[in-house]
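**Q** Let's see this in three dimensions:
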Amino acid sequence: MTRAPFAFVAFLWRRRTTASGELQVICVRVGAEKTSNDAGNRRLKWIMEQAKKRPTEAWLGRGIEQCGMGYVIVARFKADGEAEAGVFLLDMKCLGVKDAFLSRLSGAEYQTRLVDQIRGHSGLDPISPACARRLVEDAVAYGRRFGFEPHADFRMAQRVFGGINPAEAERTFTFGDNGKPMYIQGPNDSPEFAAQVTAQLLRHCGRDGFNFVLARGDMLGSDEPEGRF
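**A** Predicted structure coming up:
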C-alpha cells in the first residue's frame, strides 16, 4: 500500500516596511509536501530564504514634485543581506530620466554609502516600490514625448523593477510646468548640451510650447532670441 505524502508546515516571522516607513511584523505560513525526490526540500528552502529576505524598498527625493529634479531609489535584497539598488535621477519638468545606474552593495554599504549620503544631501522620504516604478516609467514616457530617451544605463537599472506592479501605485505625479516642458540647465550641463535640448524642444513644441532656465538663473520663454547660451 502506498503511503500518502505528508506536509511539513512552519510559521516564520517576517519584517515589512510600509510606504510610510512603519515597521510591521507579519506571520508567514510555509509548507512543502514530502515527495520521492528533493523537490519538496528545495521548495521549502526557497520559501524560507524568501521569508528571511529584507523586503524591496524605495525612496523618493524630498521636494522632487516642487523643484522637478531629484532621485528615486529602488532596492531589492538577497537572503544574505546584499542589496541591488537602481538609482534614477529624474527631471520631471523636461528630460525624464536624466541619469541612472545599478549598484550592488552589502546591506551596510547600501545604507551608508547610498541612502544616508543622498538623504544628507537632498533628503529622502520612503515611498512604495509600486509608486517608485510608476514615477520612473512615467518620467521616461514624458521625456520621450519630446524625443529625449532615458539615460543609457536605465536599461540595466530597471532590473530592480522585477516583481513590482506599477498598477498598485497609490499616487500619481504631474510632469512639466503649467502644461509645458521647462528645461532647467543643470550645473553639469554644458552650453552645447543646453543648446541641443532647446533646439529639440523647438522642433517638438514650437516657439511658444516650452520654457527654459539658464544656469545663471535667467528664465527665458521659447520665443526669446536664439544664441543666448
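
**Q** can you tell me how far Thr56 sits from Arg133?
**A** For Thr56, the distance to Arg133 equals 10 Å [C-beta to C-beta, to the nearest Å]. Every C-beta, even on glycine, is put in place using the N, C-alpha and C of the backbone.

**Q** Please identify which of the two sits among more neighbours.
**A** For Thr56 versus Arg133, neighbours defined as other C-beta atoms under 10 Å are more numerous around Arg133 (24 against 20).

**Q** count of residues packed around Ala108?
**A** When neighbours are counted by other C-beta under 10 Å, Ala108 comes out with 10.

**Q** Show me what the strand or helix carrying it is packed up against.
**A** Assigned by DSSP states H and E, Ala108 falls within helix 107-109. In terms of contacts (3 or more C-beta pairs under 8 Å, 6 or more residues apart in numbering; DSSP states H and E), helix 107-109 is not packed against any helix or strand.

**Q** Please work out which residues outside whichever helix or strand comes after it touch it.
**A** Scanning forward in sequence from helix 107-109 by DSSP H and E, the next helix or strand is helix 116-122. Residues outside helix 116-122 that contact it (C-beta atoms under 8 Å, 6 or more residues apart in numbering) are 59, 61-63, 70-71, 73, 124.

**Q** For Gly186, give me its contacts.
**A** 69, 98, 215.

**Q** Also Ala215?
**A** The contact partners of Ala215, taken as C-beta under 8 Å, 6+ apart, are 185-187, 189, 194.

**Q** ok, now with 10 Å
**A** For Ala215, the contact set (C-beta atoms under 10 Å, 6 or more residues apart in numbering) comprises 184-191, 194, 229.

**Q** List buried residues within these.
**A** Taking 16 or more other C-beta atoms under 10 Å as the criterion, what is buried in the contacts of Ala215 is 184-186, 189, 194, 229.

**Q** from those residues, which is closest to Ala141?
**A** Ile184 (19.7 Å; C-beta to C-beta).

**Q** Cross the contacts of Gly186 against helices and list the overlap.
**A** Judged by DSSP state H, helices contain none of the contacts of Gly186.

**Q** Take those residues and write them to a markdown table, including distance to Leu105 and pLDDT.
**A** Listed next are the contacts of Gly186 as a markdown table, based on distance: C-beta to C-beta, whole Å; pLDDT from 0 to 100:
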| residue | distance to Leu105 | pLDDT |
| --- | --- | --- |
| Met69 | 24 | 95 |
| Lys98 | 22 | 97 |
| Ala215 | 33 | 75 |
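
**Q** how about those in TSV, adding distance to Gln200?
**A** What follows is the contacts of Gly186, written out as TSV (distance: C-beta to C-beta, whole Å):
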residue	distance to Gln200
Met69	19
Lys98	14
Ala215	18
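
**Q** I'd like to know which of these are part of strands.
**A** Of the contacts of Gly186, the ones assigned to strands by DSSP state E are 69, 98.
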